[in-house]
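Peer 1: coordinates for the following, if possible.
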Amino acid sequence: MTGRATENLRFYTQVLGMRLVKKTVNQDDISAYHLYADETGSPGSKLTFFDWPDASQHRPGAGEVATIALRVPGRTALQYWADRLSGARIEH
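Peer 2: Now for the predicted structure:
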């Protein structure tokens, strides 16, 4: 979930280079949608966020997703992403 869809879109598209591949709806709340993936929509690359700007502040608890891991092909790629995230002033 995100309460800041514009920032979420900027991060995943401009910083991580993913693209918004499809607008799909949450069947429980059809006003919420976001689906990102890599350039070709490869299996395993899809990541969904629902925009709920009025949701309460995050509280850690059971069943939450707190960390997302994305795979890169090796150490050179890790250094590239470390530099890119640092350049965008994003903690990593």
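
Peer 1: for the nearest residue to Ala66 once chain neighbours are set aside, give me the pLDDT.
Peer 2: Nearest residue to Ala66, sequence neighbours excluded (C-beta to C-beta, 6 or more residues apart in numbering): Pro60, at 7.0 Å. In this view, the C-beta of every residue, glycine as well, is placed from N, C-alpha and C. pLDDT for Pro60: 79.

Peer 1: do the one 3 residues further on as well
Peer 2: Looking at Gly63, its pLDDT reads 73.

Peer 1: can you pull the contacts of it?
Peer 2: Contact partners of Gly63, counting by C-beta atoms under 8 Å, 6 or more residues apart in numbering, are absent.

Peer 1: list the contacts of stretch 3-18.
Peer 2: Here stretch 3-18 makes contact (C-beta under 8 Å, 6+ apart) with 2, 19-20, 34, 36-39, 45, 47, 49, 51-55, 70, 84-85, 88, 90.

Peer 1: now the helices: where do they sit in the protein?
Peer 2: Taking DSSP state H, the helices of the chain run over residues 5-10, 75-87.

Peer 1: quick one: closest of these to Ala66.
Peer 2: Checking the helices of the chain against Ala66 by C-beta to C-beta gives helix 5-10 as the closest, at 15.8 Å.
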